[in-house]
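Enquirer: Predicted model follows, preceded by the sequence.
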There are 2 protein chains.
Amino acid sequence: MSILVVGSVALDIVETPFARREEALGGAASYFSTAASLYSQVNLVAVVGSDFPREHLEFWRSRPINLSGLQIQPGETFRWVARYHMDMNARDTLDTRLGVYAGFHPVIPVEYLESSLLFLANIQPELQMEVLEQVPNARLTVLDTMELWIMTARPMLTEVIKKVDVLLMSEEEIRQYTNQASILVGVRQLLAMGLKYVIVKQGSYGALLFGADGTYFSAPSYPLEEVIDPTGAGDAFAGGLLGYLSTVQPSSDRGYAIEDIKCGVVHGNIIGSFVCEDFSIDRLRGLMMTDVATRYETLVDCSHFDPHWRYRTKVAVS
Amino acid sequence: MSILVVGSVALDIVETPFARREEALGGAASYFSTAASLYSQVNLVAVVGSDFPREHLEFWRSRPINLSGLQIQPGETFRWVARYHMDMNARDTLDTRLGVYAGFHPVIPVEYLESSLLFLANIQPELQMEVLEQVPNARLTVLDTMELWIMTARPMLTEVIKKVDVLLMSEEEIRQYTNQASILVGVRQLLAMGLKYVIVKQGSYGALLFGADGTYFSAPSYPLEEVIDPTGAGDAFAGGLLGYLSTVQPSSDRGYAIEDIKCGVVHGNIIGSFVCEDFSIDRLRGLMMTDVATRYETLVDCSHFDPHWRYRTKVAVS
């Protein structure tokens, strides 16, 4: 099963309290594609400028990533400049230069149309809608967004949310979009729009999965010795989630078994944890499935506890 | 097994984005005692002024809480005034009026000396040290502290940390005390001081348990529909932890089995979650063990996932 992703490819300047990297390969689609290609064939749709380093294309060609939907336009590649706080769960965007991205419209190659899984990475909701119109039959569609679109493109974002299966949002984005202080109440409002699942991204705290069927699952985060650069962790999370799901059979027409969705969220956390261990996609370059398996075992160990309620009252003992 | 707690009893003014409560029974020892008394006998050491409402004493007397170590001094009870942010993981202390607490020195009644579990709630480290000198033989000692003491009483706090078994700290406190950006590195530094366990309090994100034996455990938080007032959640967490441990047998002279410590942390999260559902200790007043058991089952359901690594590569499938 192949995975289609539409989103940004960028060159980033990222500064943390401890280090700085310029001209780093970034953008949501870059992180997602590299992550998901650990599992399956990825079909990439994005735009870059004529300045985009050839070495990045060569790296992607070395993996199961189809680049026939990657437009190369005269002009500059999208640039993003950001600085992280000491608590790297917080960052400021210092500059955004759209370049060729300003005139981007996604065109889905015919050979991509069989993709069974679709990730709409964080781009303008109107572009996400253009993708949904071109790819109406994906088995599972996952949507990411950001504060900017909640503020500036809310009606179109709402239309997109109504058409997808899974929504990824941070707690702050849920509060902004739903205007609810309670995450639980906000999530319920989102599920009522027709979503099957809402996944709450919590940065270094892991992720929460809420299902329209009442599912609630809290996936532990992998404890990192050192966070070098958290950029792209959310996109790599989506890559791990959809990557894992691309390797399992849907249980029926109704979709994936909930146990598979849970495992997908755990894979997402694992792949997201790896991304934070270096700048750009660098930690993913040599990553092996055995590395993922080792972290999976650690997460099982660190999150499972005695499932049997045991409490002996004094009365019962005496 | 009885539990000894030394800490503050206060009257609070608490303001959240949605409500406000004046003259609320507060203070770490109040939350802890009420929580831990769900499980076992609690021996309370604290000070209140002559203005302290008699009804609170009567409530505690209705539970297995021994008040013979509660000093009633002429003057005003400790007052604390705070306001929460929209994200209730953050708050500002607006005012602190020490009252009779300014001259407090803990005196441990002889009848308390058999207490097997000791909680040193958040008070000045020199007072915590006075307690440790009077109660040298507790089976397990748990220490809480705050930013103020890290800044103003660091040397004495360090001496206290060296003498206890378990330290509770928030991520920010760990960064401040250890001067490490990485929580993992900071925790390791703390464990090297002789602690058996460090528990990282993460507010609405749950708690992490780190052991000197290499244990790492991520306890899920219980998802709350509505947070009314998170004040005291950390103290109630400690009450759930020590309360649960008071009901199990230590595995040996070396202490509790790690599975029991993990269950204790889960109990801590559960009791902490209840406290947030109302102002002051009000949600704990009528709480039953069956309520705790229901949340325990929910947390098992929401945090356990397929422990068997399954990933089928295309190569393996074909």
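Expert: Alright, I've got the coordinates. Numbering: from 1, shown residues only, chains lettered A, B, ... in the order given.

Enquirer: mind checking the SS state of residue A:39?
Expert: On the three-state scheme (DSSP: H, G, I helix; E, B strand; the rest coil), residue A:39 is labelled coil.

Enquirer: tally of neighbours for it?
Expert: If you count neighbours by other Cβ atoms under 10 Å in any protein chain shown, residue A:39 ends up with 26. C-betas here are computed from N, CA, C, even on glycine.

Enquirer: nearest spatial neighbour of it, skipping sequence neighbours?
Expert: Closest residue in space to residue A:39, ignoring its immediate chain neighbours: residue A:243 at 3.2 Å, by Cβ to Cβ, 6 or more residues apart in numbering or on different chains.

Enquirer: The one you found is in what secondary structure piece?
Expert: helix A:233-245 (DSSP states H and E).

Enquirer: just the CA coordinates of that helix, formatted as CSV?
Expert: Taking Å, rounded to 0.1, in the frame of the first residue of the first chain, the C-alpha atoms of helix A:233-245 are listed here in CSV:
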residue,chain,number,x,y,z
ALA,A,233,8.6,15.8,14.9
GLY,A,234,4.9,16.1,14.2
ASP,A,235,5.3,15.4,10.5
ALA,A,236,7.6,12.4,11.3
PHE,A,237,4.9,11.3,13.8
ALA,A,238,2.4,11.2,10.9
GLY,A,239,5.0,9.4,8.8
GLY,A,240,5.3,6.7,11.5
LEU,A,241,1.6,6.4,11.9
LEU,A,242,0.7,6.1,8.2
GLY,A,243,3.9,4.1,7.6
TYR,A,244,2.9,1.5,10.1
LEU,A,245,-0.7,1.4,8.9
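
Enquirer: Sort out which residues of the next helix or strand after it are buried, please.
Expert: Once the chain leaves helix A:233-245, the next helix or strand it forms, by DSSP H and E, is helix A:258-275. Using 16 or more other Cβ atoms under 10 Å in any protein chain shown as the test for burial, helix A:258-275 gives A:258, A:260-275.

Enquirer: Just list what the strand or helix carrying residue A:297 packs against, helices and strands only.
Expert: Per DSSP H and E, residue A:297 falls inside helix A:289-303. Secondary-structure packing of helix A:289-303 (3 or more Cβ pairs under 8 Å, 6 or more residues apart in numbering or on different chains; DSSP states H and E): helix A:258-275, strand B:216-219.

Enquirer: Need those in CSV (columns: distance to residue A:179 and mean pLDDT).
Expert: Putting the helices and strands packed on helix A:289-303 into CSV (distance: least, Cβ to Cβ, whole Å; pLDDT from 0 to 100) gives the following:
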stretch, distance to residue A:179, mean pLDDT
helix A:258-275, 26, 97
strand B:216-219, 31, 96
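
Enquirer: Residue A:83: what's it in contact with?
Expert: A:14, A:15, A:16, A:91, A:92, A:94 (Cβ atoms under 8 Å, 6 or more residues apart in numbering or on different chains).

Enquirer: hang on, it in a strand?
Expert: Yes: counting by three-state DSSP, residue A:83 is located in a strand.

Enquirer: Any idea what it is bridged to?
Expert: When assigned by DSSP bridges, residue A:83 has beta-bridge partners residue A:15, residue A:92.

Enquirer: Please tell me how far it sits from chain B.
Expert: 15 Å (Cβ to the nearest Cβ, to the nearest Å).

Enquirer: got it, and residue A:36?
Expert: As for residue A:36, its distance to chain B is 13 Å (criterion: Cβ to the nearest Cβ).

Enquirer: what's the pLDDT at that residue?
Expert: The model reports residue A:36 with a pLDDT of 98.

Enquirer: Neighbours of it, how many?
Expert: Considering only other Cβ under 10 Å, residue A:36 is surrounded by 34 other residues.

Enquirer: pretty sure it is touching residue A:243, no?
Expert: Yes: contact criterion Cβ atoms under 8 Å: residue A:36 and residue A:243 qualify, at 4.2 Å.

Enquirer: Chain B contacts on the stretch 1-150 of chain A?
Expert: Residues of the stretch 1-150 of chain A that fall close to chain B, judged by Cβ under 8 Å from any Cβ of the partner chain: A:17, A:18, A:39, A:40, A:86, A:87.

Enquirer: Now restrict these to buried residues only.
Expert: With burial judged by 16+ other Cβ under 10 Å, the buried subset of those is A:39, A:40.

Enquirer: now, the most widely separated pair of the residues of the stretch 1-150 of chain A next to chain B?
Expert: Within those, A:40 and A:86 form the most distant pair, 37.5 Å apart (Cβ to Cβ).

Enquirer: sorry, back to before: okay, and the common contacts of residue A:36 and residue A:243?
Expert: Contact criterion Cβ under 8 Å, 6+ apart; residues shared by residue A:36 and residue A:243: residue A:3.

Enquirer: what helix or strand does residue A:96 sit in?
Expert: Assigned by DSSP H and E, residue A:96 falls within strand A:91-97.

Enquirer: quick one, helices of chain A?
Expert: Listed in chain order, the helices of chain A (DSSP state H) span A:28-36, A:54-61, A:125-134, A:147-152, A:154-161, A:171-178, A:183-191, A:233-245, A:258-275, A:282-285, A:289-303, A:314-317.
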